[in-house]
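In: Build me a model from this:
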Amino acid sequence: MSASPEDKVVQHLDTVNKVVGEYLKGNDPTKISKELSIPRKQVVEYLTEWKQMASANDAIRSRAREALTAADEHYSRLISKTYEVIDEATTTADLRSKNSAIKLVMDIESKRIEMLQKAGLLENKELAEEMMEIERKQEILKQILMDIASEHPEIRDKIMKRLSEVASGGETITVVHDV
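Out: Below is the predicted model of the structure:
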């Protein structure tokens with residue numbers, strides 16, 4: 001006995017919801033395909049179908065905007081709290097915590113940009129401006145770490161190793177300190 005048309009629709013929508021759930025967790029179509037044992041091509045089709053349904057529905061678009069706004073505000077709060085950790089670590093001279101918190105700020109900013117890009121909210125001009133601002137902040141954070149490394153030779157090697165790991169284009173980072 002075959003499934004009724006209604007059952008097929010329910011099953012289809014259930015599958016689409018599972019795919020979309022994985023996509024909203026940040027998984028790409030290849031990972032979703034493996035996770036749900038669905039051919040990648042089908043995953044892409046489900047995502048396209050979902051995007052078309054969502055864009056055609058005013059209520060869904062409104063909820064999506066609200067969710068993005070809330071997520072963006074959440075990222076801002078996380079960044080603010082992380083800067084509090086940086087300040088506290090500076091006060092207590094906890095260089096490890098400070099280093100970790102600085103890296104966390106960069107990671108959070110990167111995730112926020114990724115989320116906004118996926119949502120299609122950043123046009124090329126806005127994206128370029130946002131990327132320039134992130135790069136500016138990263139340079140400031142890198143300079144802070146280099147200053148710390150210069151002032152505290154006991155952790156300089158660890159900081160330099162970590163900075164070299166994230167340096168773009170094979171850039172070599174050197175800290176000169178007065179002995």
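
In: Run through the residues that contact I38.
Out: Residues in contact with I38 (C-beta atoms under 8 Å, 6 or more residues apart in numbering) are 15, 19, 32, 46. (Glycine included, C-beta is placed from N, CA and C.)

In: helix/strand/coil for it?
Out: Put simply, I38 is coil when judged by DSSP: H, G, I helix; E, B strand; the rest coil.

In: ok so, going back, closest to E133 out of the contacts of I38?
Out: Nearest to E133 among the contacts of I38 is I32, at 31.6 Å by C-beta to C-beta.

In: Quick check: which element contains that closest one?
Out: Assessed by DSSP states H and E, I32 sits inside helix 29-36.

In: Show me the one in the contacts of I38 that has more neighbours than the rest.
Out: V19 (25 neighbours; other C-beta atoms under 10 Å).

In: Relative to V43, how far out is it?
Out: In this view, V19 and V43 are 6 Å apart by C-beta to C-beta, to the nearest Å.

In: Now the common contact residues for the two.
Out: Residues touching both V19 and V43 (C-beta under 8 Å, 6+ apart): 32, 36.

In: I79 versus the most centrally placed residue in the chain, what's the distance?
Out: Central residue of the chain (C-alpha atoms, centre = their mean): K111, 1.3 Å from the mean position. Distance of K111 to I79, computed by C-beta to C-beta: 11 Å.

In: Name all residues that make contact with D94.
Out: E88.

In: hmm, try it at 10 Å
Out: D94 sits next to 85, 88, 100-101 when contact means C-beta atoms under 10 Å, 6 or more residues apart in numbering.
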